[in-house]
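A.B. asks: Everything below, folded, please.
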Amino acid sequence: MGTAAKEVRFSLRRAIKVNHKYLLAGVAAAALLTAGNAYAAAHGSVEDQLKAQSAAIDALSKEVEALKNSTVEQGIGQGVKGVELTISGHINRAMMFISDGNDNSTLTHVDNDAASSRIRFDADAPVSASTTVGARLEMEMESNSSAQAVLDNEVIEDTFATRQAYVFVKGGFGTLVMGHQSEATDGIVHNSFNFAANAGINPEYTNGIANVGVNFLSIGDGDRVDAVRYTTPSFGGAAASVSHAVNGQVTAALRYSGQIGGVGVLGGVGWDSNFGNDTYAGSLGLNFGGIALNGAVGYQDNENAEEDFMYYVGLAHKGNYSDLGPTSLGVDFHVNNGGVGGGDNNKRVGVGLVQGVAAGADAFVGVGHNFGGDGAIESAQTVMAGMIIRF
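C.D. replies: Purely as a prediction, here's the structure:
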């Protein structure tokens, strides 16, 4: 057979391999080729062979195109053209040993509330070179939260809850967000370099013991609610934000991220109307090249009641000591008046280690000693070890 015929066969083989759904097109083309060759043989002309083969190729192309269009229409849609969708999240699980200092102890299995397991979908669509609209849907999947761990049994808290569900518009004017989202003060006590936060070394202390009164509250740190929030553009590393929630609650915050004199600085202050009980909070972190000093405070002026307060100090370090990934260490001290279960004036000291082990994966271990408080036990200990996998 001539070179032209060999090329036709090669084209057929490639087309059939593209997708088994195109087998019908291959069969049709083969039939056309057979007819073409028979016709050419009858007339004994090379020119007639080439014409027949060209007709077969044209027919094959039409069949393949028809099948491709049919597949797109009947198969899985490709989403909205021009919208970029990003899927991310993490699973954060651990084993947790709890002892209340009164010969009561247990080993339980928890979702690490320092960063509860979740999945998020981010959609972004450009309006112009300087303006973008988009949305975020973030769901939390938390079973037996470490923040609500108890001595005697598992917390029945297999939650699948909405963390965030909002739309936004962002441009040179700032960012306007509407929907279920963070208040302006959410995370205001976390504006610092808590490198070992996932090991429980953070101002919220997410390794509580709920039924013995040694949980802590991050007083002044905002919530996630149905609200509208506006954030200004960054001016020299500083940005302000304000939010109004569905219940009429108003929060405002000012944050800074940058360097001063070669020292990395993270900081923030916030105010919450809190239904007449004005609440103030703030945090500051100073990073001296891998060694960081962190602090946070919170105060709530309760009408006709004792004021709630908290303060927190921590020391953190991050370096590269292993081929596996970065190593982070942290120690902290936390005082809280306003805890749950009658546990006012709680005091706690903790130490934690976070070790990178692979792309998106960290192993961690954290140890905490609680000194107890008013109405709580005299002391309690927690040890938590686990792994977070991000995707």
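A.B. asks: quick one: the strands in the stretch 151-300 of the chain?
C.D. replies: All strands of the stretch 151-300 of the chain, identified by DSSP state E, counting those that start in this stretch, fall at 159-171, 174-182, 224-231, 238-245, 250-260, 263-272, 279-287, 291-300.
A.B. asks: helices or strands next to the fourth one in the packing?
C.D. replies: On a contact count with 3 or more C-beta pairs under 8 Å, 6 or more residues apart in numbering; DSSP states H and E, strand 238-245 meets strand 224-231, strand 250-260. Using the backbone N, CA and C atoms, a C-beta is placed for each residue, glycine as well.
A.B. asks: quick revisit: export the strands of the stretch 151-300 of the chain to JSON lines and tack on mean pLDDT?
C.D. replies: JSON lines is the format used below for these (pLDDT from 0 to 100):
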{"stretch": "strand 159-171", "mean pLDDT": "95"}
{"stretch": "strand 174-182", "mean pLDDT": "98"}
{"stretch": "strand 224-231", "mean pLDDT": "97"}
{"stretch": "strand 238-245", "mean pLDDT": "98"}
{"stretch": "strand 250-260", "mean pLDDT": "97"}
{"stretch": "strand 263-272", "mean pLDDT": "97"}
{"stretch": "strand 279-287", "mean pLDDT": "96"}
{"stretch": "strand 291-300", "mean pLDDT": "95"}
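A.B. asks: May I see these arranged in TSV, with distance to residue 365 and mean neighbour count as well?
C.D. replies: Shown next, in TSV, are these (distance: least, C-beta to C-beta, whole Å; neighbours: other C-beta atoms under 10 Å):
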stretch	distance to residue 365	mean neighbour count
strand 159-171	25	15
strand 174-182	29	18
strand 224-231	29	18
strand 238-245	35	19
strand 250-260	29	17
strand 263-272	25	21
strand 279-287	22	21
strand 291-300	20	21
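A.B. asks: now those in JSON lines, with distance to residue 381?
C.D. replies: Rendered in JSON lines, the data for the strands of the stretch 151-300 of the chain read as follows (distance: least, C-beta to C-beta, whole Å):
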{"stretch": "strand 159-171", "distance to residue 381": "27"}
{"stretch": "strand 174-182", "distance to residue 381": "33"}
{"stretch": "strand 224-231", "distance to residue 381": "31"}
{"stretch": "strand 238-245", "distance to residue 381": "38"}
{"stretch": "strand 250-260", "distance to residue 381": "35"}
{"stretch": "strand 263-272", "distance to residue 381": "30"}
{"stretch": "strand 279-287", "distance to residue 381": "26"}
{"stretch": "strand 291-300", "distance to residue 381": "23"}
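A.B. asks: So for residue 171, what's the nearest residue that isn't a sequence neighbour?
C.D. replies: Nearest residue to residue 171, sequence neighbours excluded (C-beta to C-beta, 6 or more residues apart in numbering): residue 131, at 3.8 Å.
A.B. asks: That should have said residue 175, apologies.
C.D. replies: residue 231 (4.6 Å).
A.B. asks: Would you enumerate the residues in contact with that neighbour?
C.D. replies: Contact partners of residue 231, counting by C-beta atoms under 8 Å, 6 or more residues apart in numbering, are 174-175, 177, 184, 239-241.
A.B. asks: Recalculate using a threshold of 10 Å.
C.D. replies: Residue 231 is in contact with 168, 170, 174-177, 184, 239-243, 253, 255, counting by C-beta atoms under 10 Å, 6 or more residues apart in numbering.
A.B. asks: and what of residue 198?
C.D. replies: Taking C-beta under 10 Å, 6+ apart as the test, what residue 198 contacts is 90, 92, 94, 112, 114-115, 206, 328, 330, 352, 354, 362-364, 366, 384, 386-388.
A.B. asks: Mark which of those are buried, thanks.
C.D. replies: 90, 92, 94, 112, 114, 206, 328, 330, 352, 354, 362-364, 366, 384, 386-388 (16 or more other C-beta atoms under 10 Å).
A.B. asks: Kindly reformat the helices and strands packed on strand 238-245 as TSV containing distance to residue 146.
C.D. replies: Output for those, formatted as TSV (distance: least, C-beta to C-beta, whole Å):
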stretch	distance to residue 146
strand 224-231	19
strand 250-260	27
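A.B. asks: The chain: helices as residue ranges?
C.D. replies: 3-18, 23-43, 46-74 (DSSP state H).
A.B. asks: Report pLDDT for residue 362.
C.D. replies: Model confidence at residue 362, given as pLDDT, is 98.
A.B. asks: Identify the residues contacting it.
C.D. replies: Taking C-beta under 10 Å, 6+ apart, one finds 90, 92, 196, 198-199, 324-326, 328, 354-356, 386-390 in contact with residue 362.
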